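K.L.:
please work out how this folds:
(one chain, ligands or ions: 2)
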Amino acid sequence: MTAQPASLGRRDLFRLGFGLVAATGLAGCASNGGSSGGGTPIGPNSPKVAAAERARQIAGARKTSVKLAAVQSEVDLGGITASTWSYGELPGKEIRIRRGDLLNVELRNELPQPTSIHWHGLALRNDMDGVPGLTQDEIPAGQSFTYEFTAPDPGTYWFHPHSGVQLDRGLYAPLIVEDPEDGGNYDTELVIVLDDWLDGLGRTPDAVFDELRANGMPGMDHGAMPGMPAMPKSDLLGGDAGDVIYPHVLANGKVWKAPQTFATKPGQRIRLRLINAGADTAFRVGVPGVPMTVTHADGFPVMPVELDVVLLGMGERLDCVVTVPDRTVPVLALAEGRGQFTQVLLSTGVAASTDSEALATELAKLVVPEMNALRATDSVALPLREPDVTHDLVLEGPGDKYSWTINGKAYDPADGLPIRSGQVVRLRMRNKSKMFHPMHVHGHTFQVRANGKIGPRRDTAIVLPGRELIVDFDADNPGQWLTHCHNVYHGEAGMMAVLSYVE
Ligand code: C2O
Ligand code: CU
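P.N.:
Numbers count the residues shown, from 1 in each chain. Ligands and ions are numbered 1, 2, ... in the order given. The predicted structure follows:
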């Protein structure tokens, strides 16, 4: 019950899979304007992956060992009991390490299905990225797998399965990588994980996905039936705001009526680490009357900017520092386009002056600034350079049977977009659908290029309907890496592709 049996199978898998790629996949990609066509894919078990891992190890690194179990459990959402799958609690217990540390996590799968863990946002070794069929074999029910890797960059990260739509159950938890050099302009911190919830309340995510596939389009029956909630819409998101109706939205596992209370005092500066673990919901977040100083996007520092409201697509994180006023205030999270909200209370012991529902109504009216216009600090910004290779990612859907595609194709692990170590890679994402897509790249933190300017470093960024988003990254982490929409239903319905290092 260690990683050993699985890694043997993995090698077989790749011998097979990569033969296919070499034979049929790569030639077709040359039309993308790349200079890197051809070549043999660098698989997760390549010595190049091990060498990249050695290069990121630092002297004096500590090793943190964690035992995790994915289990069937009941969770209390705040007076509402749901039976779900989780890492024991909701959200799962945070893992906190320091930059450069070696993290060792043994996962025991006590679920009735195979599972996996993806370490969202980390530039880790490819064979530990947790994508069954691409970087490892799935972990069968009743078995264990040990993940072990160096975490090179500080920041706010999280983890979740990369198996079917399991992410839309309770299988998620924060992973915080501290920077010993980050003294921090704050007194304390608070991690807030946001989620849209339906599991164990009469439906499961798998049933919802089957329904979507059967109907071909979201909401075809709902929309027509009186009394059924309307499908989510948002001007901010440029159209459709979601494909699934959720009975609840949660902050740290709780509905708004039974919020977590964080004891604080006036004048205290709190670093909020916001994580959107939702499957189909973007959240706008604000602390009414209290400006938030945004300091990090997806773990990487940005030029600090004071905002009243921020937006997080699925998979995204933002760190914001707030100064507690002389009364209790809520951190409000509105499910964009859904008329639902949740909260965490920053409690000073002095009652809040206005009720949260009224404040949420006000927050819904605020203009939300463009998050892709945040600017990376000079210490992490990637300079503007001509790319060595450009890949277009044309995002379309939903097609027949609720299919979502990239470049007209549903996900095929053997059909990668070729890149080479050392290249500056550009992704030109074009959204030809009517819904926003938070596009995520595994194993790298890209540089958003906002209108020719330097935007934030991120690993996930929203591409609005009808719009194009250009991101660049340095190809410095060999392996096979997914890029996909972080709407778990879109991803599962095909909106995923492989960025394939070749040699
Ligand atoms: Cu959090 Cu492949 O994603
Ligand atoms: Cu999508």
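
K.L.:
residue boundaries of the helices in this protein?
P.N.:
All helices of the chain, identified by DSSP state H, fall at 3-20, 47-56, 205-215, 356-363, 488-492.

K.L.:
what pairs with the residue of the stretch 301-450 of the chain found nearest ligand 2 across the strands?
P.N.:
With C-beta to the ion as the measure, the residue in the stretch 301-450 of the chain that lies nearest ligand 2 is His437; the distance is 3.4 Å. Just so you know, the C-beta spots here come from the backbone N, C-alpha and C atoms, and that holds for glycine as well. Listed by DSSP bridges, the beta-bridge partners for His437 are Val463.

K.L.:
how close does it sit to Val285?
P.N.:
As judged by C-beta to C-beta, to the nearest Å, His437 and Val285 stand 20 Å apart.

K.L.:
which bits of the stretch 101-250 of the chain sit near ligand 1?
P.N.:
Where the stretch 101-250 of the chain comes near ligand 1, counting by C-beta under 6 Å from any ligand atom, the residues are His118, His120, His160, His162.

K.L.:
show me these that map onto strands.
P.N.:
Judged by DSSP state E, strands contain the following of these: His118, His120, His160.

K.L.:
neighbour-wise, which of those leads?
P.N.:
Counting by other C-beta atoms under 10 Å, His120 has the largest number of neighbours within those, with 27 neighbours.

K.L.:
I'd say it and His160 touch.
P.N.:
Yes: judged on C-beta atoms under 8 Å, His120 makes contact with His160 at a distance of 6.5 Å.

K.L.:
and for stretch 259-268, what's in contact with it?
P.N.:
78, 187-188, 190, 251-254, 270, 323-327, 330, 342-349 (C-beta atoms under 8 Å, 6 or more residues apart in numbering).

K.L.:
just the buried ones from these?
P.N.:
78, 190, 251-254, 270, 323-325, 327, 330, 342-348 (16 or more other C-beta atoms under 10 Å).

K.L.:
near ligand 2, from those residues?
P.N.:
If you filter these for contact with ligand 2, counting by C-beta under 5 Å from the ion, you are left with nothing.

K.L.:
contacts only, for Arg108.
P.N.:
Going by C-beta under 8 Å, 6+ apart, Arg108 touches Lys67, Leu68, Ala69, Ala70, Gln143, Ser144.

K.L.:
pick out whichever of the residues you listed sits closest to Glu468.
P.N.:
Minimum distance to Glu468 across the contacts of Arg108 is 38.1 Å, recorded for Ala70 (C-beta to C-beta).

K.L.:
name the nearest residue to Asp129, ignoring sequence neighbours.
P.N.:
Spatially, and ignoring its direct neighbours in sequence, Asp129 is nearest to Thr135 (4.5 Å; C-beta to C-beta, 6 or more residues apart in numbering).

K.L.:
just Pro112 next, same as before
P.N.:
Leaving out its chain neighbours, Pro112 is closest to Ala141 (C-beta to C-beta, 6+ apart), at 5.7 Å.

K.L.:
could you do Arg457 as well?
P.N.:
Counting by C-beta to C-beta, 6+ apart, Phe300 is the residue found nearest to Arg457 once chain neighbours are left out, at 3.8 Å.

K.L.:
that neighbour bridge partners, please.
P.N.:
On the basis of DSSP bridges, Phe300 is bridged to Ala297.

K.L.:
what's the answer for the one 10 residues further on, then?
P.N.:
Taking DSSP bridges, one finds Val285 as the beta-bridge partners of Val310.

K.L.:
and for Ile176?
P.N.:
Bridge pairing for Ile176 (DSSP bridges) gives the partners Arg96, Thr156.

K.L.:
read off the pLDDT value for it.
P.N.:
Confidence at Ile176, expressed as pLDDT, is 98.

K.L.:
so who does it touch?
P.N.:
With contacts defined as C-beta under 8 Å, 6+ apart, the neighbours of Ile176 are Glu94, Ile95, Arg96, Ile97, Gly155, Thr156, Tyr157, Val191, Arg273.

K.L.:
pLDDT score for the fourth one?
P.N.:
Pointing back at Ile97 there. 97.

K.L.:
pLDDT score assigned to the closest residue to it other than its chain neighbours?
P.N.:
In this structure, Ile97 finds its nearest non-sequential neighbour in Thr64, 5.0 Å apart by C-beta to C-beta, 6+ apart. Per-residue confidence at Thr64 stands at 97 (pLDDT).

K.L.:
so Thr64 touches Tyr147, yeah?
P.N.:
No: contact between Thr64 and Tyr147 fails when scored by C-beta under 8 Å: they sit 11.8 Å apart.

K.L.:
between these two, who's got more neighbours?
P.N.:
Looking at Thr64 and Tyr147 with other C-beta under 10 Å, you find the greater number of neighbours at Tyr147, namely 24 against 15.

K.L.:
and the more buried one, how far is that from Trp481?
P.N.:
For Tyr147, the distance to Trp481 under the criterion C-beta to C-beta works out to 16 Å.

K.L.:
same deal with Gly60?
P.N.:
Taking C-beta to C-beta as the measure, Gly60 falls 29 Å from Trp481.

K.L.:
more crowded one of these two?
P.N.:
For Gly60 versus Trp481, neighbours defined as other C-beta under 10 Å are more numerous around Trp481 (25 against 8).

K.L.:
contact partners for that one?
P.N.:
With contacts taken as C-beta under 8 Å, 6+ apart, Trp481 has the following neighbours: Asn126, Asp129, Val441, His442, Gly443, His444, Val498, Leu499, Ser500, Tyr501.

K.L.:
ok, 6 Å please
P.N.:
His442, Gly443, Leu499 (C-beta atoms under 6 Å, 6 or more residues apart in numbering).

K.L.:
what is the nearest of these to Leu171?
P.N.:
Each of the contacts of Trp481 was scored against Leu171 by C-beta to C-beta, and His442 proved nearest at 17.7 Å.

K.L.:
pretty sure that closest one is touching Leu482, no?
P.N.:
Yes: if you go by C-beta atoms under 6 Å, His442 and Leu482 touch, sitting 4.7 Å apart.

K.L.:
list the beta-bridge partners for the residue nearest to Lys67 when sequence neighbours are not counted.
P.N.:
Excluding the flanking residues, the one nearest Lys67 by C-beta to C-beta, 6+ apart is Glu106, at 5.2 Å. Residues found in beta-bridge contact with Glu106 (criterion: DSSP bridges) are Lys67, Thr146.

K.L.:
surely Glu106 meets Thr146?
P.N.:
Yes: look at Glu106 against Thr146 with C-beta under 6 Å: they come within range, at 4.7 Å.

K.L.:
ligand 2 contacts on the protein?
P.N.:
Residues of the chain lying close to ligand 2 by C-beta under 5 Å from the ion are His437, Cys485, Asn487, His490.

K.L.:
of those residues, closest to Gly337?
P.N.:
Out of the residues of the chain next to ligand 2, the member with the shortest distance to Gly337 (by C-beta to C-beta) is Asn487, at 13.4 Å.

K.L.:
mind listing what that closest one touches?
P.N.:
Asp280, Met314.

K.L.:
relative to Leu363, how far out is it?
P.N.:
The span separating Asn487 from Leu363 equals 23 Å under the rule C-beta to C-beta.

K.L.:
and what of Leu482?
P.N.:
From Leu482 across to Leu363, the span is 34 Å (C-beta to C-beta).

K.L.:
can you pull out the strands in the stretch 401-503 of the chain?
P.N.:
405-406, 417-419, 424-431, 437-441, 446-450, 453-458, 460-463, 468-474, 480-485, 496-501 (DSSP state E, counting those that start in this stretch).
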